Structure formats: structure tokens, C-alpha cells
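1. Quick check, what structure comes out for this input:
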Amino acid sequence: MGDPKEAGAEGPPAGAAARGGLSLLSQGESEEPSAQGSALFLGGNEVKSRAVVKYSSAPLRTAFARLEEKTDLKLPPANWLRESAKLGPAGTTILGNSKKSKPFSSFGMAYDFIDSVGNDVDVVSDSENIKKLLKIPYSKSHVSMAVHRIGRTLLLDELDIQELFMRSSQTGDWTWLKEFYQRLIDQKWQRKKKSKEHWYQKAILSKFLYYSINGDGAAQPVSSTAEQQESSSSDQTNDSEGASWPAPFEMPSSVSEDPSASSQGSEPLEPSYIVGHVASAPKEQNLTTLFNDGEHSQGLKNDFVRNILWTFEDIHMLVGSNMPIFGGGRYPAVSLRLRDNNKPINVLTGIDYWLDNLICNVPELVMCFHVNGIVQKYEMIKTEEIPNLENSNFLLNGSDIVKLYDLTTLCEETEDKYQNPFTMPVAILLYKVACNMMMKKNQNKKHYGTIRTLLLNCLKLLDKSRHPQIIASANYIYSEEEEEMPDSDENGSYSTSSDPSDDSKAVAIIKSVGELSVPEKYKSIHQIRPSCAFPVCHDTEERCRLVLSYVLEGLKSVDSSIKKESDLPAADPSTPIPLKYEDESTRGGPEGLEKQMALFLDKMGSLQKGNYSSLSGMIPGSWQHKMKLQLILKSSKAYYVLSDAAMSLQKYGRALRYIKLALQSHDTYCCLCTNMLSEVLLFLSQYLTLCGDIQLMLAQNANNRAAHLEEFHYQTKEDQEILHSLHRESSCQGFAWATDLSTDLESQLSVSCKCYEAANEILQFSDLKSQNPEHYVQVLKRMGNIRNEIGVFYMNQAAALQSERVVSKSVSAAEQQLWKKSFSCFEKGIHNFESIEDATNAALLLCNTGRLMRICAQAHCGAGDEFKREFSPEEGLYYNKAIDYYLKALRSLGTRDIHPAVWDSVNWELSTTYFTMATLQQDYAPLSRKAQEQIEKEVSEAMMKSLKYCDVDSMSARQPLCQYRAATIHHRLASMYHSCLRNQVGDEHLRKQHRVLADLHYSKAAKLFQLLKDAPCELLRVQLERVAFAEFQMTSQNSNVGKLKTLSGALDIMVRTEHAFQLIQKELVEEFGQPKSGDAAPAADASPSLNREEVMKLLSIFESRLSFLLLQSIKLLSSTKKKTSNNIEDDAVLKTNKHIYSQLLRATANKTATLLERINVIVHLLGQLAAGSAASSSAVQ
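-> Model (predicted):
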């Protein structure tokens, strides 16, 4: 038979045990007990044994009645086989008169203590089976057990070969096992009947125990009727033992597979005495209830009086025991045993007594000795002394005579897999253990691999047509587990155990009966499973697709169980269900959208009342109804995750397709749901929020519309089949308004806005707003953002209409309508942001509203004759409104520290508004309505306010713009005061004030323009105006000294223009130096960065004014020289000015000189002029 040590070294292979296969443990033939193996030291404190009672239905312990000597145990006591208050709810079970334990007893315990299976407990079994295994080295009797492995837990059940083969002879069942047994183990098998001595010993033991609970302890003879009852009870016991094995499963899953379950299931359960904590799993919160109370364990019940968690050495066992325990008085806990005084205690009896006391944690044993049923004496022995009794000394050994056979493949070879009676119990246990582990998945991530294995094998065991309920539920849990899968390790997989080596040990696997006769085959070594069994899906779409595949299988199981299939409209799952496409013109635009939104909100309100609507006719509350709800909800979540993933990849057409499927799933859920949970409403709000995001992105990426459209219309077969299942219950059109792919930009923005509004409306139900503040804030932010987008869209449309309007002076009705729409959107968006205290975004929308007011102001400017145009009151009104909104934006921000970029942007826009209004009032002065002085005052005030909000000092990208703006403002103010001074007559004080202000602003403008490298023309113009201002002052002077001083100041200004000419010179040099090849030189006006026409105009003016100033200086210095001949300084200045003047005349006379040559001459002359001024100044010093 091969190497028995290897075969018995481990439990059954995982592939067999987890699939519900049978494994057979049988004792080999041995002449004497084996003494090999590691010894277990007994006595003292060497034995590592710990017992914790997890559950007990036994009554409180009562003291046993010590029988008088010569009591005849052959006579039945008066209370024999009768109920008694002292027995408690356990009845006669605790006195050893119950039926033989069922072959599924370990499953009954496993169902009750599902927390322990596959995790903390190594073995689940009847205590009798544990004792049989431990007595194998000392016994030659036949031991046969079925072993099932669930995770790391072994379930042991007695496999009564005698009874099974007797049944096979009568019914023809179990023939496969009988043939295997006769061929390889016992070819001449015959049923062995139990002797009369066996039944005699069992009867007097029962009478002895009943005597022991009798209060007076007297033996009361009974009538012959009682003896007949005794005889009949023995027969019944024999019969009941013969009928303890169930027939193979041929009934539907809703009917119990245990023939005796009908009588047992009808018996009411009495109250139980609970000891410690009952380790049963809580009801699954997210999983639909699979079985009702009558069928949750397939008719299998935990019939033991007590269940004990026994730790023996390093083995953790969940053990069932019916041993009677007495106590009270001197003996708090003792076990009673009846012994024939003529037969000494042997090793097997000693082990039996010792293990019973260890398992039940009983410290003492009381033995009553009898001779032919007559009581002789009592003897009390401590538990730790039992192994040392005479003729009963023993040591527990490891044994090499246990053989392990994998019978799973034999079961699979049969035509009907339900020939194996363990199929359904194992499948249900796999399911329940997986459910229980799912409840704990957040506490122990290592169980993910085990859960997958359990569910996979559960599905393999069951027939889809017979058990659609279990199939659907298992697929749902599979999808739940896949969705919650932890991240993989660096190898791309996750471990199925905390210590992979524990699950990777080699065992002997017998694949067929024929291999058992070949020792070499039996020695084959295989691994139970690799340490990393299941690869993790790194890709989100791949994982969600896997979830959807499980959901689809579950939906198919549910749909196949609904009987009203013929009443449904015909639909082919392989035929794509078209994704409806509507043109915006047929849908009524935004107005039609408003109607659909109203219908949607009415539907949401009706959901709170629990309206139910199903096309398939499912009964609310049925398992089909509950399971389909859960599966549909799971599919909607998976599609939502897929849509979100596609969104992050910028695959917006695909994202819209997925979110449409998610919303269709949710619509079907709403039709089936009788009580909408707040959690599900929150999901819907999240779906609509994502849908709004997608529609917005589609609107902003219109260039790739064809690709998005193609992705949107693509469908997989899986999606089609899921959609087909949804259409069995609903039309799935509840959210069609939100998921259509429109080609119109306005429509897409409107749909996006309505999605956010619907998401916000849903949050108003069931107080979701306060329960989910983060999501509520996100929804309102998106509402504010989309309203800003729509407002900007309408504002840009209005600006486009305005640019197209050329002839008509009046504002069109279309423009006004667009203004109203834009303003309404901005106003609502501001309210959204203010409601969540988002000051920054509220400021941005206030800024956009200010921009809208400026567009309105620009629209009211006249389009007629520019020479007759004046700044209108409407323009002033809208510009002032814009200023109000900008100031509100600044108040909303509070300080620059909150958001510097936004603060600077609002300040810039406010400065621009003031500057534009002042410029228009200055250029198009409303003289028909206001006095010149009032206009000048308003312009000055507006310019100074613009200057106030123009930050020239802060280092930023906008600093050059601010410097240019400030320089321009000073230039305009200086020009205005210069003009006022020219035109002012009379008030000398006012003239002086204007002269000071003009000089001040010219000076500031020149300084700011000098800081800029790209404004040489502006700097040159300011300096020329300053020279003109000096010339104007000189005209009012009478003395030559005053005039010379003014001329000297004007020439100094001319010298300071050298910087501007150097900038122009540099640009011209760079321009002429660019062409290197045979390309023609650029034309005279080819510079794109320099306005050559303006430069030439300014240069001509500069040459003429420099020539004039030099000539006047020469004249005045000459006349002064005649009067005072000893002024050396004036002579040097006169000589220099004459020399420069002559060169300037010759240069201006050359009409063929290029612009660059003329600039070079001016730069050279200004250098000489500056040097002459410096020399004269040093001479004076």
C-alpha cells in the first residue's frame, strides 16, 4: 500500500478537502501497539491541556446518589427513561440514551461556531472521534472517519462503513465506495453484528446513571411492562443507529436532505444555559440572508450537550461532548463510571476515562464496581492519576499505521455529484465560512486568498440549476471580495496565509483508485497550493470587470429562478441594446431639461414612500428580490468606479457610457426598492456628481468629439447581458436626461449643471447633507463652478454679438437676454460658494460679474461719429457697478494672505476699470452734460484710484504691466494738467498748482518708463512733452537769466532721453543683424516689435526741438557774453552748443540717412552735450 508514514503525515489535500471530497482514515493491521514517536509526558504539570466551555445546555450540576451495596442494576429504576427537572433541557442525552451522533456532527458545530472554522481551530469533531484517533496505537479495532479541510481546520466525522455498505445492499447507493473498499482493503467484507453483551452493558449503564440521580437512591422494581419498554427501547436504539446516515441528495435545496430532520426540526428548542461567549458569527450586514431558520444548516444541528474549545499541547480543537458530569458538596465536578469488578481496567479504558475528563475539565473520576449487575463498591481517582493505574499505564505516541485516502476523485467519477452526502453540507459550510471571513476582512487582510478559495470551491460543488439561490449569493460575495481586494505585493500577488509554508506542505494525493495499487504513484509529492495563489488585478478596469462578471453570474441565477419568464417581453442577450441618441432640437433644449428634472425630483420624492414596480413580477421580500437588489447595486458601484477611472484617463466618451450604465442600474434598483436607504441615495448623488463632471469635460474638449462618440456607443457582451437583466425589471430611462451625449455646447453645460443640482437635491433627503458634509461641499463647489462656466459662456456670446454690431447704435434684445442669463448664473454661483464659505471662488465669480458689467458698459458706447461721441451715463452706470463687484470681491477675500494670486488679479481688474473709465471720460469728455472742471476732477479721482490698486512694488509676473499702467496714468495726468495750464486764464494760484502737478507727474512718468525696457517711445514722448512744458514756461519769462535757466533745464531733459534712444538703437541693430544668408535685408518698416513710423515721427520732433533749444541757447549766451566778457563757463557752454548745433544741422540736412544712422547721430550728440554740461559743472566747482 506504499509508505504509510508519508500518507498519514498530513491531512487531506486542499484541493480535495476544500471541494468537499471524502477522505478515509483507517487503521492498518498490527500485532502490537507501536511505541514510536514523540512521547507525551503524563502526570504532574507536564500535560498541556486547557478546556473552555463555549456552550452548554446541561443543567446545573447536582450531587450524585451513592448507591447502596448489593443494589441490583439489572432492575430498572422508577425514573428510567423519564423526563426530570434535574435533567434539564438536555433530556436523556446526558445520560447516554440518545441516538448515535450523526455523521454530520462536525458540520453542526461548525455552523454554530463559524468564527472558529478555517482560522483559530485545527480540528472540529465529536469527542468520541478524538478518543478513537488517540487510541489507535493501542487498539486493533476498525476506525474509519471522513475528513474535510476548510482552510486550516479539519472536520472529522465517523464514516460507518458497516452501515453504509448495508444501505448500499438495499438501495444501490454508495456502490462506488463499496467497490473501492472491497478491491483494496477488505475483499471479503461482511457486516459484523454487535453482540448481546454490548447491549447488556449499555442497558445497565443507563440504569446506573438514572439510579445515580434518584434522590433516595433506592432500587424500586418496576412491572413487566417496564421491562418490555426496556426491550423495545433497545431495539429502537439499534434501529435508530442503523438509520443515522442520510440518503444521497436527490431533493431540491429547499427540502432538508436529512430524513430524520423533519421530526427533529419540529421539536421546539428549550432555553439553553450559556457558558462563556458563544462564538457564532453575527448576521451579515451587507449580504442578503441566504437561508431561513429552518434550512440555514441543511437540517444539521449541533446535538451535543456541551461544546468545548480544547487545547491539547499545540492543537486547538472544538469538541462536542455528552458526558454526564455530577457535582456538589465535596465533589464540585466528577464523572461517573460503571466497571465490572471481574474485568481489570485496560489501557484503552484508561485513555478513554482520562481524555473525557481532560476534555470536560473534570478533576476527579468516581468508579462504581459491580459483579453481574450487583453494586460492590465506589472508588474515587484524580484525573492526573488515571494514566498510572495498574494495567492502565500508557503513553500517547505518534503512529505510522494511519492511512489517508483521497476519495474526492472517486466521487467526481460518478454521474451524480450528489451521490456524496457531504456535498451540500460542505458547500454550505464553505459559503458560511467565507461570509464570516468577509465580515472580518478589515481586521485580517490575509484572509482574502482563503475567501476566494472557499467561494470558488463552493461554486464548483453546486449545480446551478438546483441551487440558484446559493450560486447567486456566492457570486455576490465573490464580487464583494474582489472589490475590496488589498494591494498586491512586489510579486504582483497576495499571500493566502500569514505563513505560506504552512499551506505549502507536501501530501500524498491519490488521483484514482488504480493508483492506489502502485506504491510509486502513492509516493508522488504535490503541493497543496503555491504560497501566492491568486494574482492581483493591478488595473482598476480589470478588477471591476471581474466584479461585473460575478454580478452577471448572480443575475443569471436569479433570473433563471423567476417562474414568470414567459410573461416578459422577448429579448436576446446577444443583441446590443441601442444607447439612445437624441439631437438637442428634438429634446426641447434647456426647457425640456427643466421638465425632465421636475419629473426626476417627483420620482425621488416617491421613493421615500416606498413605491414598488417590477416588470418581472418578483415578490417583494423574496430571496430573488433581495439578491437582485444587492447585485444591481453592486453593478452600479462597479460601473461608477469604471467611469471614474476612465475620467482620470481623459476617456470622456467611455466614462459617460459607464456612468450611464451605473445610473441605469440605479434606476432599476429604485424601481425594485421598497425602502430606499440613505446610503443608496448618497451613491446616487455621487453618480450624478461624476456625470456632471463628465459632461463638463466633454463640453471643454469638443475638438475630440468623434472619438468620444465612438467610445460612448461601444458595448461589451457582458454589458449587454447585464442591461438585459435590468430591462427585465425596468425601462432604465429614469436618467436619460443626464447621460445623453449632445453635440451642443450650451446643452452639455446645462446637463452638467442639472446633474449637480439633482445631486444637491438628493442630499436634502434623509438629512444626507449633514451626514456627509464633505460630499455636500464638493457638490456645491461644482455647482458654483459650472454656473461660472455657463455665465462665462453667455458673457462671451454677448461680447461676440457686440463685436458684430457695427451700424446699429442700440443694444439688441438678444444681447440683453444673454446678459441676464450670464448675470443669473454668476449670482447663483456666488451664492453657492458663499454658502460653504469659499471666499476665494466667490471672489472670482464676483470678479467675472464685474467683467460682465464692463461688457455692458462697452455695449452702450456710441457707434456713430467718433468726433461727436461723449462718455454716456449708461457707461458710467455699468462701470460703477463693475467697481462695486470688484470691491465686494476684495471684501470677500479680506486680505492678500488668503490667496495672493486672486487678490492681485482682482486689484488689477479694479485698477483697469478705474483707468478705462477715466480714459474714456478724458478722451470723450461729456462737455454737454458737465463742466470742464468737474470732468477734470472726476478723471483725476478715477486715475488716482486706479493708481491705488496698481501694485508696482511687489515682485510678480504682472509687475511690468503695473509699472507701465502707473507710468501711463502719471503721463495722462501730467498731460491733463499741462493742457489746463495752457488753457487756464486768471486764477494764478490754480495755475501754479497745475504747474506743480504737471511737473510732478511728468517726473514720475519718466522714472517709471525708464524702468521698462520695452517702452522707449513712451519715454521719448514724455520727455518731449516735458520739453514742450519748459518751452511754454519760457514764453512767460522776461529776463535772460530766467530764460537761460529754463533752457538749461530743457537741455538736461533732452540729455536724459539718451536712454530711450539707446534702447531704440539696440533694437534696430539686432533687427539688421538677424539675416545671415543671401536673404534680402528687411525693409525700413519691417520691425514687428518697434513701431518705426512712430519712432521716425518722434525723432523728427526731437531733432527740431533740440535744434530750437540749441539755437535759443546760443542767442541768449551770445547776448550775455557781449555784456559780461569774463564768464569762462558761459563761453565753454556756448562753444559746445555751437559745435553740436552745427553737427545737428548737417545731419538733418542729409535726407538719405537711414533711421539707424540718424539715431546714431543723436546718441553721439547727446553724449557730447552731456559731457559739455559735466565739464562746465566741474569748472564752476
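2. CA only for contacts and neighbour counts going forward, please
-> OK.
3. Buried residues of the helix or strand harbouring residue 552, list them for me.
-> Using DSSP states H and E, residue 552 sits within helix 540-561. Of all the residues in helix 540-561, those buried under the rule 16 or more other Cα atoms under 10 Å are 540-541, 543-559, 561.
4. can you check stretch 953-967 too?
-> 960, 961, 962, 963, 964, 965, 966, 967.
5. what residues does the host helix or strand of the second one touch?
-> Just to be clear, that refers to residue 961. Residue 961 belongs to helix 959-983 when assigned by DSSP H and E. Residues outside helix 959-983 that contact it (Cα atoms under 8 Å, 6 or more residues apart in numbering) are 915, 936, 940, 943, 947, 950-953, 991, 994-995, 997-1002, 1004-1006, 1008-1009, 1012, 1022, 1025, 1029.
6. pLDDT of whichever strand or helix holds residue 656, averaged?
-> Using DSSP H and E, residue 656 maps to helix 652-672. On average, the pLDDT along helix 652-672 is 92.
7. How about stretch 555-571?
-> pLDDT averaged over stretch 555-571 gives 65.
8. Spell out which residues make up each domain of this structure.
-> Taking the TED database as the reference, the chain has its domains at 463-485+537-561+618-731, 772-802+813-928, 1037-1071+1092-1180.
9. got these as a markdown table, with distance to residue 380 columns?
-> A markdown table is the format used below for those (distance: least, Cα to Cα, whole Å):
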| stretch | distance to residue 380 |
| --- | --- |
| domain 463-485+537-561+618-731 | 54 |
| domain 772-802+813-928 | 69 |
| domain 1037-1071+1092-1180 | 120 |
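10. among those, which gets the worst mean confidence?
-> The lowest average pLDDT among these, as it happens, falls on domain 1037-1071+1092-1180, at a mean of 81.
11. Which PyMOL command selects the buried ones in the contacts of helix 959-983?
-> Filtering the contacts of helix 959-983 down to the buried ones (16+ other Cα under 10 Å) takes a single PyMOL command:
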select buried, resi 915+936+940+943+947+950+951+952+991+994+995+997+998+999+1001+1002+1004+1005+1006+1008+1009+1022+1025+1029
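12. In helices only, show me the contacts of helix 959-983.
-> Of the contacts of helix 959-983, the ones assigned to helices by DSSP state H are 915, 936, 940, 943, 947, 991, 994-995, 997-1002, 1004-1006, 1008-1009, 1022, 1025, 1029.
13. CA atoms only for stretch 744-761 - export them in PDB, please.
-> Extracted C-alpha coordinates of stretch 744-761, given in PDB (Å, rounded to 0.1, in the frame of the first residue of the first chain):
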ATOM      1  CA  ASP A 744     -24.400  71.400 -28.500                       C
ATOM      2  CA  LEU A 745     -22.100  73.200 -26.000                       C
ATOM      3  CA  GLU A 746     -24.800  75.000 -24.200                       C
ATOM      4  CA  SER A 747     -26.800  71.800 -23.800                       C
ATOM      5  CA  GLN A 748     -23.800  69.900 -22.400                       C
ATOM      6  CA  LEU A 749     -23.100  72.700 -19.900                       C
ATOM      7  CA  SER A 750     -26.800  72.800 -18.900                       C
ATOM      8  CA  VAL A 751     -26.900  69.000 -18.400                       C
ATOM      9  CA  SER A 752     -23.800  69.200 -16.300                       C
ATOM     10  CA  CYS A 753     -25.400  71.900 -14.200                       C
ATOM     11  CA  LYS A 754     -28.700  69.900 -13.800                       C
ATOM     12  CA  CYS A 755     -26.700  66.800 -12.700                       C
ATOM     13  CA  TYR A 756     -25.100  68.800  -9.900                       C
ATOM     14  CA  GLU A 757     -28.500  70.300  -9.000                       C
ATOM     15  CA  ALA A 758     -30.000  66.900  -8.900                       C
ATOM     16  CA  ALA A 759     -27.100  65.600  -6.700                       C
ATOM     17  CA  ASN A 760     -27.700  68.500  -4.400                       C
ATOM     18  CA  GLU A 761     -31.400  67.900  -4.200                       C
END
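14. Going by neighbour count, which residues in it are buried?
-> 745-760.
15. I figured residue 1113 was touching residue 1046, is that so?
-> No. Contact criterion Cα atoms under 8 Å: residue 1113 and residue 1046 do not qualify, at 9.9 Å.
16. could you pull out the strands for the stretch 801-950 of the chain?
-> Taking DSSP state E, counting those that start in this stretch as the test, none of the stretch 801-950 of the chain falls into strands.
17. how near is residue 687 to residue 455?
-> Counting by Cα to Cα, to the nearest Å, the gap from residue 687 to residue 455 is 30 Å.
18. Who are the packing partners of the helix holding residue 656?
-> helix 623-648, helix 678-700, helix 705-713, helix 717-727, helix 736-739 (3 or more Cα pairs under 8 Å, 6 or more residues apart in numbering; DSSP states H and E).
19. got the angle for that helix vs helix 705-713?
-> Put simply, helix 652-672 runs at 30 degrees to helix 705-713, going by axes from the mean of the first three to the mean of the last three Cα atoms, to 10 degrees.
20. Okay, and the beta partners of the residue lying closest to residue 340 once chain neighbours are set aside?
-> Leaving aside its sequence neighbours, residue 340 sits nearest to residue 370 (Cα to Cα, 6 or more residues apart in numbering; 5.2 Å). Listed beta-bridge partners, residue 370: residue 340, residue 375 (assigned using DSSP bridges).
21. who are the neighbours in contact with residue 370?
-> 338, 339, 340, 341, 376, 377.
22. And these, which of them are buried?
-> Buried among the contacts of residue 370 by 16+ other Cα under 10 Å: 338, 339, 340, 341, 376.
23. To which secondary structure element is residue 146 assigned?
-> Under the assignment here (DSSP H and E), residue 146 is part of strand 144-150.
24. average pLDDT for that strand?
-> Here the average pLDDT along strand 144-150 is 84.
25. For the remainder of this discussion, apply numbering that starts at 476.
-> With the count now opening at 476, the last piece we talked about shows up as strand 619-625.
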